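1. Have a look at this prediction, sequence included:
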Amino acid sequence: MQKEIIISGFGGQGVLFGGQVLAYAAMDSGKQVTWIPSYGPEMRGGTANCTVVIADQEIGSPLVKNPPLAIALNLPSFDKYEPLMQAGGTLVVNQSMVDRGAQRNDVHALLIPCNEIAEEIGDKKLLNMVAMGALLSALPEVKLQDMEKALEGHLPARHKHLLPKNFEALKRGYEAAQREWDKVPA
């Protein structure tokens with residue numbers, strides 16, 4: 001098994017942290033992992049993405065050209081990665097920042113209102129964990145509990161008080177994605 005994931009958005013959306021938590025969750029549950037960040041020179045507002053590769057054997061290359069799984073937190077990311085997706089892949093799309101549906105019909109686009117869900121929870125910065133929860137609906141190798149443990153183990157001490165809201169964001173994203181999967185014809 002090898003799963004390749006691209007997470008993309010702009011700086012300040014928690015793209016890199018989301019990818020790190022996913023990598024830690026997989027690593028802590030005994031899987032081989034790579035995590036490669038990429039970001040523009042701007043701290044906030046510039047482009048940011050990362051690739052995560054999860055495998056049960058040694059990973060030959062951390063590079064990802066045609067991911068089977070991706071998250072697009074804004075329209076430029078959606079425009080960039082939708083054409084690159086593997087046929088049959090799953091693309092989690094932050095519907096709050098994207099004003100169109102998928103142009104390809106051979107990719108599962110899960111349209112999740114990440115910003116709105118995060119704001120309902122009480123912290124707009126949680127949109128990354130909402131998206132990560134949605135991604136887990138298409139990544140059975142990593143469980144919600146694995147992500148929660150990774151957050152507990154790797155969240156900086158000054159942010160530990162945010163754990164319950166992060167857990168809720170993961171759960172709400174996963175549930176929103178499950179509702180989207182229920183709409184897919186069998």
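-> It's in. Residues are numbered from 1 along each chain as shown.
2. where does the chain have its least confident helix or strand?
-> Of all helical and strand segments in the chain, the minimum by mean pLDDT, DSSP states H and E falls on strand 32-39, at a mean of 87.
3. Provide the contact partners of the helix or strand that it is followed by at residue level.
-> Sequence-wise, the next helix or strand downstream of strand 32-39 (DSSP states H and E) is strand 47-55. Strand 47-55 has contacts (C-beta atoms under 8 Å, 6 or more residues apart in numbering) with 1-11, 13, 15-16, 19-20, 22-23, 26, 31-40, 59, 62-64, 67, 76-77, 139, 141-142. Glycine gets a C-beta too; all of them are placed from N, C-alpha and C.
4. list the helices and strands the least confident helix or strand of the chain packs on?
-> helix 15-28, strand 47-55 (3 or more C-beta pairs under 8 Å, 6 or more residues apart in numbering; DSSP states H and E).
5. out of the ones you listed, nearest to residue 182?
-> The closest of the helices and strands packed on strand 32-39 to residue 182 is helix 15-28. By C-beta to C-beta, the value is 23.9 Å.
6. nearest to residue 97, of the helices and strands packed on strand 32-39?
-> The nearest among the helices and strands packed on strand 32-39, by C-beta to C-beta, is helix 15-28 at 12.4 Å.
7. Now the closest one: average pLDDT?
-> Taken as a whole, helix 15-28 carries a mean pLDDT of 92.
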